[in-house]
Structure formats: C-alpha cells, structure tokens
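S.K.: what's the 3D shape of this:
(chains A and B)
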Amino acid sequence: MPASAHPERRGYSGLPRWIYIPATLGVLFVLVPLVGMLARVDWLNFIPLITSDSSLAALRLSLETALASTAACLVLGVPMALVLARGPVRGRRWLRALVLLPLVLPPVVGGLALLYTFGRLGLVGRWLDVVGVQLAFTTLAVVMAQTFVSLPFLVVSLEGALRTAGGRYEAIAATLGATPTHVFWRVTLPLVVPGLASGLVLSFARSLGEFGATLTFAGSLEGVTRTLPLEVYLQREVDPDAAVALALVLVVVAAVVVGVAYGRRLAGAVSA
Amino acid sequence: MSFRLEAAIGERGFDTAFEVHDGETVAVLGPNGAGKSTLFALAAGLLRADSGRAVLDGRILFDDRAWVPPHARGVALLAQEPLLFPHLNVVENVAFGPRAGGASRHDARGAAERWLGEVDALALADRRPAQLSGGQAQRVAIARALAAVPQLLLLDEPFAALDVAAAPALRRLLRRVLAKRTAVIITHEALDAHMLADRVVVLEGGRVVEEGPTAELLERPRSRFAAGLAGLNFLQGRTTAPGRLRVEGLGDVFGVERPEADAALAGEDAVAVFRPADVSIYRPSEVPHGSPRNAWRAIVEELEPRGPQVRVHAATPRATIVADLTPAAAAELDLGPGSAVVLVAKAAAVAVYSA
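M.R.: Numbering: from 1, shown residues only, chains lettered A, B, ... in the order given. Sure, this is the predicted structure:
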C-alpha cells in the first residue's frame, strides 16, 4: 500500500516555503566538507594507507575501546536513567544537570578531571597506586575517558524514553505479582528497547570519536591508547594522505553504525 | 477473602472506610474526583495513606507500621485501558502473572490457555496486542488479571474505553467470572451496578456518603449522585408532617411515606424521590387544581431528546428537576431554554423517606 506507507506525501505539511532555504544550506554545510575530504583521498594508495600496522592497530583499539565503553555506559547508564526518570529522588533537576555536565564540558577538561582523580597523584589514584594499580595512560584509561563523555548520551535518550513510556505498565505488572526486579527485566527494559538502542548508538559513536579526554588522560601510545582519532591527528603532521584515508575509515564506520541502528529502528516502526 | 480498608490522605481530602465481604462484588460509584481511583491505588499499593490500615483475608496490607508492596498483596487491578504488554503476545501476557509467581514456562502457558478459554479468547493466543480490537484486548486483560489468582480483583471502569457494541458481551463475561469472587468495580452505569454488584458504595468528596444492597439503593437513593444514576429526581429537606417535607426554596413538598419502615419523624432529615415521567409541565397561566399535588415555578434549562421522549431539565430555586414529555407535548408548550413553566408532581408519585 504505497499510499499508507508514505502518508507524508499526501498530507498538508504546513511548512512555509522559505524554510527550505536554510534547511538546504544546513544539509550542504554537513555534506560538502565530506565531499571535500573525499576529493582529497589518495585512492591509488588508499588500501596500503589504511592497512599499515599503525593504522590497523589504531582501528582495532578504537573499535575495542568504543565497544567496552558502550558496555560500561549500558551498565551504569540504564540504572542512572531509571533513577532519574522514576526514582523518588530529591533535587532531581540538580542531579540531572550534574549527570549531563560531561555533555557541555570541553573533553580536555574532562580528561584533566579524570587525570587528577585517577592519575598516580590523584584523589583516588594515589590509593590505587598503593595497591599497585595504575590507570592513567593505559587502555583502561581510554575506556574510562570515552565512558565519561558518552554516558550522558545514553542517559538522556533512555530517560526520555522512560518518561514517554510512563509507569502504567509497571504498575499493572506489580499488581500481577511481579517483583520490581522481574518488572525491570520483563517489562521496563523491553518497552524502552528503541530508546536504549539509540542511546547505545549515540554512546558508541561518541566514544569512537573521542579525542580530547583520551589524549589528556590516556596519552597517545601506539597500540595501547592511540585510537583512530588520535592517529588521524598525528598523521596529519607527517603523512596527510594517511590522515585523510583514516578519517574516511572513521566516517564509514560511524555511518555504518548509525545506518544499521536507525535503519532497523525505522523497519521496526513500520512493522509495529 | 474479606477485605477491609480504612485510610486517610490529607492532601486529597480522602477519608474512607470500606469493606468487601468474602465472595462479594461491590460497585463503587461517585462523581469524578470523589476518590474512587485513590481507593483503588491504596488497595493495590500504588499509593501510601497518611494513616489507616487495610486487611485482606486476615493479612495486613498496610497499617501504621507495616506496608506490603503491590506484588505481594494478591490484589490485581484491571484498568480502563487494557494495558496489555505490547512486546508480548496474548498468551505471554496472560502467562505473565503465573511466571512472576514462579511457575515454569510450561505450567504458566497451560494456566494462560485455561484462562483464555475461560474468557472465550483462546483463538487470540498468538496475536500481538496491536492486532486486537478494544473488546478483545479487554477480554485478554481480564484473563491476565484472573491468571494471577488474586484474592481481590479491582476493576476500574472496565467498559469506559470500549465502544458501545463491545460492552454488553464483556459485561456478561464479567458477570460470569465475578460470581463468587471478591471484587470491587468502579462504574458510572446503573446497569453495571445492577448486573455485577451485590452492594453499592457511593463516594463523594473522599467519603462514603451512602451504601447498601444494589437494588435497594438504586430504588431508594439517599444521595443526589445515586438518584441521578438511577435516573430519579431527588430533593432533600426536613419532615414537617407524615409524608410532608420542607425543602428550602421550594416550600412544602407533598408525598407519601414509602416504604413505611423508613418513615421519618417530624423534624428529621428526609428525601423526596420521584420519576421524571411523573412530572408534568404547564404554562404558568394554566396550572390545574385538584388532587394533592406539588407545583413549582421553574425555568427550562435544556431539552434533551431521549428515544420517543423529550427530557426537560428545569431549574427551580432549589434544584434542577427533570421531566419526561412526549415531543408533541413539548412542541405544544413551545418549550425552549429560558421558558418559564410550572412543574407539577402528584403527591402519590413522590416517595418520602428518611435520609
């Protein structure tokens, strides 16, 4: 049924025509720089450039750490979103502002904060040092830096989904004899899967692109903390062709992640 | 499995004592904001009272010290909306209660199919909630509530969200499943109270204003709300002589003491109740005289077509009184909003009893 599949083509949109001018400009502003980068790619040497040892190491490290930090966001962010959306919390607005701070903080500042907390001489780090644990400038530090900046993305989108869903299904589930834990796994989580998925995608994408906090807290050691964005920045100085090729890889990975996640979501919206 | 609740919530002005006997179905009636939903939320554990206690089958649900969480109460709630879990199919929805109670997947499914059969919805077992009509979904929601084997079943206007065509079948179904079950139903319909409830409780402003066996209460209402529900005119006043009632703004209202047992002594609060069909309407210049009757000056507020009749709402200084006329009579009198009329009710048609 093409008519019902695209109702927006038949309905009255109510948009003033001039709105299309700035909208088009905006699209071009995002698209043209990508084309500019594509035009600069050295296609003849593209494959050797992105398969060099340092490139592959950076790509692999980036994917691993981004996955790990997304998992950390899942474990920490879901409970945070639930407490913010549903918990009987006093000063909810202040708590939310605090949780969302990394969203507006320059990543370098976040990296500094992590360094002075978990670094060897930091608030927590000096005690960790006593028991022989050093976090700064390790792969774990990369994951921590990424989690620090990505967590708000998951919390925000999940909290929105939880608020939209409301608590009515949970109340009914409870009167049917389900304990809060049972309700959490069998009702709450399944109901917010779309919001959770988009939150995870955003967190993953943000982790993948993390630069400032990582550089400050984890440094740039090849194979250990030098993720793809750091590699791109480093190569820009010595081998611009390699930098552009790697940048393209980042663009493709990000596009694939977002495409898969949102593509599935759209398909789900149609079948539901 | 008797249920007893006494609770107060200051900020909602709620202060109610409420009881359901074993195997009894009680209808809770009352205007919007009367505290009906608050009563349910308290019983189900979705709201905490400032003070009070509730006991179900000898178990304390809450009192000043203890508070049993919703999942451990054995109180199931059926809301206006079916609220089937959208990510589960029909049989999984019904199996939710048994699963939550610790039944194995297999046993829970068996129980779910049994309860779906009970509500004639077994054929829907594999459907998604989005593929059900409103009536089908509410049927499944009933099965889901019953499958949790609640000791007390709360039904919050279960027909309110249904289209008119789907309600009668569901009403019959509920009549069957509620028999011998301890249940409370919130409703706005006299029919629901008659068909489903043994007893009626009328809430107003967070308090019980009237309660009694369904048929008795709807025939001889003692609250304006119950009278309205039963479709009766209702006047409150003070007895001056047998069968006579002084109503502020209307003067003496003449009626007959009915039933004899409920006759009010002189000076006692009493009510006069009469059917809209027993009220006639005259032009102010044409009021007849004769057998003992009441005549009140009134202004027509509204004409409402009701099947073969026209219902006239007319404002007296005290209350709005409704009268049923034939359309021909209404046309002959040239009635419209603002018309000045005299309402006449024969004393023999007005029942007077103690309030």
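S.K.: Tell me the buried residues in stretch A:206-226?
M.R.: For stretch A:206-226, the neighbour count (16 or more other Cβ atoms under 10 Å in any protein chain shown) marks A:206-220, A:225-226 as buried. Any C-beta I mention is one placed from the backbone N, CA and C, and that applies to glycine too.
S.K.: So what would you say the end-to-end distance of that stretch is?
M.R.: With Cα to Cα, to the nearest Å as the measure, the ends of stretch A:206-226 fall 16 Å from one another.
S.K.: and residue 55, how many neighbours?
M.R.: Answering for chain A, as no chain was given. Other residues lying near A:Ser55 total 20 when counted by other Cβ atoms under 10 Å in any protein chain shown.
S.K.: um, chain B though
M.R.: A count of neighbours around B:Val55, defined by other Cβ under 10 Å, yields 16.
S.K.: That one: helix or strand, and which one exactly?
M.R.: Element membership of B:Val55 [criterion: DSSP states H and E] is strand B:51-56.
S.K.: Can you list the neighbours in contact with that strand?
M.R.: When contacts are taken as Cβ atoms under 8 Å, 6 or more residues apart in numbering or on different chains, the neighbours of strand B:51-56 outside the stretch itself are B:1-8, B:42-43, B:60-64, B:73-75, B:151-152.
S.K.: Please narrow those to those residing in strands.
M.R.: Among the contacts of strand B:51-56, the ones falling in strands (DSSP state E) are B:Phe3, B:Arg4, B:Leu5, B:Glu6, B:Ala7, B:Ala8, B:Ile60, B:Leu61, B:Phe62, B:Val75, B:Leu152.
S.K.: which of the contacts of strand B:51-56 are buried?
M.R.: Applying 16+ other Cβ under 10 Å to the contacts of strand B:51-56, the neighbour count classes B:1-3, B:5-8, B:42-43, B:61-62, B:73-75, B:151-152 as buried.
S.K.: restrict those residues to contacts with chain A.
M.R.: Residues of the buried ones among the contacts of strand B:51-56 in contact with chain A (Cβ under 8 Å from any Cβ of the partner chain): B:Arg73, B:Gly74, B:Val75.
S.K.: The residues you listed into JSON lines, with extra columns for pLDDT?
M.R.: Shown next, in JSON lines, are these (pLDDT from 0 to 100):
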{"residue": "B:Arg73", "pLDDT": "95"}
{"residue": "B:Gly74", "pLDDT": "94"}
{"residue": "B:Val75", "pLDDT": "96"}
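S.K.: Make JSON lines out of these and add distance to B:Leu162.
M.R.: JSON lines is the format used below for those (distance: Cβ to Cβ, whole Å):
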{"residue": "B:Arg73", "distance to B:Leu162": "27"}
{"residue": "B:Gly74", "distance to B:Leu162": "27"}
{"residue": "B:Val75", "distance to B:Leu162": "23"}
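S.K.: Closest one to B:Ile186 out of those, please.
M.R.: B:Val75 (14.3 Å; Cβ to Cβ).
S.K.: what's near enough to touch the closest one?
M.R.: Taking Cβ under 8 Å, 6+ apart, one finds A:Thr175, B:Ala43, B:Ala44, B:Gly45, B:Leu56, B:Leu61, B:Pro150, B:Gln151, B:Leu152, B:Leu153, B:Leu154 in contact with B:Val75.
S.K.: same question, A:Leu228
M.R.: A:Ala58, A:Leu59, A:Leu61, A:Ser62, A:Leu208, A:Leu246, A:Val249, A:Leu250.
S.K.: please redo it, this time with the cut-off set to 6 Å
M.R.: Shown here is A:Leu228, whose contacts under the criterion Cβ atoms under 6 Å, 6 or more residues apart in numbering or on different chains are A:Ala58, A:Leu59, A:Ser62, A:Leu250.
S.K.: and what of A:Leu103?
M.R.: Counting by Cβ under 6 Å, 6+ apart, A:Leu103 touches A:Pro152.
S.K.: List the buried residues of the helix or strand encompassing it.
M.R.: Element membership for A:Leu103 (DSSP H and E) is helix A:101-104. Residues of helix A:101-104 classed as buried: A:Pro102 (neighbour count, 16+ other Cβ under 10 Å).
S.K.: low-scoring pLDDT stretches of the chain, where are they?
M.R.: Just going to use chain A. A:1-9, A:263-272 (pLDDT under 70).
S.K.: right idea, wrong chain: chain B
M.R.: In the predicted model, chain B carries pLDDT under 70 at residues B:260-261, B:290-292.
S.K.: for chain A, what are the nearby residues on it?
M.R.: Residues of chain B lying close to chain A by Cβ under 6 Å from any Cβ of the partner chain are B:44, B:46, B:70-71, B:76-77, B:83, B:87, B:96-97, B:100-101, B:148.
S.K.: for those, which one is nearest B:Leu132?
M.R.: Compare each of the residues of chain B next to chain A with B:Leu132 using Cβ to Cβ and the shortest gap goes to B:Leu83, at 12.4 Å.
S.K.: Now do the contacts for B:Phe234.
M.R.: Residues near B:Phe234 by Cβ under 6 Å, 6+ apart: B:Arg224, B:Ala227, B:Val273.
S.K.: at 7 Å what do you get?
M.R.: Residues in contact with B:Phe234, defined by Cβ atoms under 7 Å, 6 or more residues apart in numbering or on different chains, are B:Pro221, B:Arg224, B:Ala227, B:Val271, B:Val273.
S.K.: Distance check, the closest residue to it other than its chain neighbours against chain A.
M.R.: Here the nearest residue to B:Phe234 in space, its sequence neighbours aside, is B:Ala227; by Cβ to Cβ, 6 or more residues apart in numbering or on different chains that works out to 3.5 Å. With distances taken as Cβ to the nearest Cβ, to the nearest Å, B:Ala227 is found 34 Å from chain A.
S.K.: same question, B:Arg65
M.R.: In this view, B:Arg65 and chain A are 20 Å apart by Cβ to the nearest Cβ.
S.K.: and that residue, how many residues sit next to it?
M.R.: Burial measure for B:Arg65: 7 neighbouring residues, criterion other Cβ under 10 Å.
S.K.: And for the residue of the stretch 101-250 of chain B found nearest chain A, the neighbour number?
M.R.: Relative to chain A, the nearest point of the stretch 101-250 of chain B is B:Ala148 (4.4 Å; Cβ to the nearest Cβ). Here the neighbour count serves as a burial measure; for B:Ala148 (other Cβ under 10 Å) it reads 24.
S.K.: try B:Ala215
M.R.: The tally of other residues near B:Ala215 (other Cβ under 10 Å) stands at 12.
S.K.: Setting the sequence-adjacent residues aside, check what's closest to it.
M.R.: B:His194 is the one closest to B:Ala215 (Cβ to Cβ, 6+ apart), at 7.1 Å.
S.K.: Report all helices and strands that the strand or helix carrying the one you found contacts.
M.R.: Taking DSSP H and E as the definition, B:His194 sits inside helix B:190-196. Secondary structure elements in contact with helix B:190-196, counted by 3 or more Cβ pairs under 7 Å, 6 or more residues apart in numbering or on different chains; DSSP states H and E, are strand B:25-29, helix B:167-178, helix B:214-219.
S.K.: May I have the strands that pair with the helix or strand following it, each with its orientation?
M.R.: Proceeding C-terminally, helix B:190-196 gives way to strand B:199-204 as the next helix or strand, assigned by DSSP H and E. Sheet pairing of strand B:199-204 (DSSP bridges) gives strand B:25-29 (parallel), strand B:207-213 (antiparallel).
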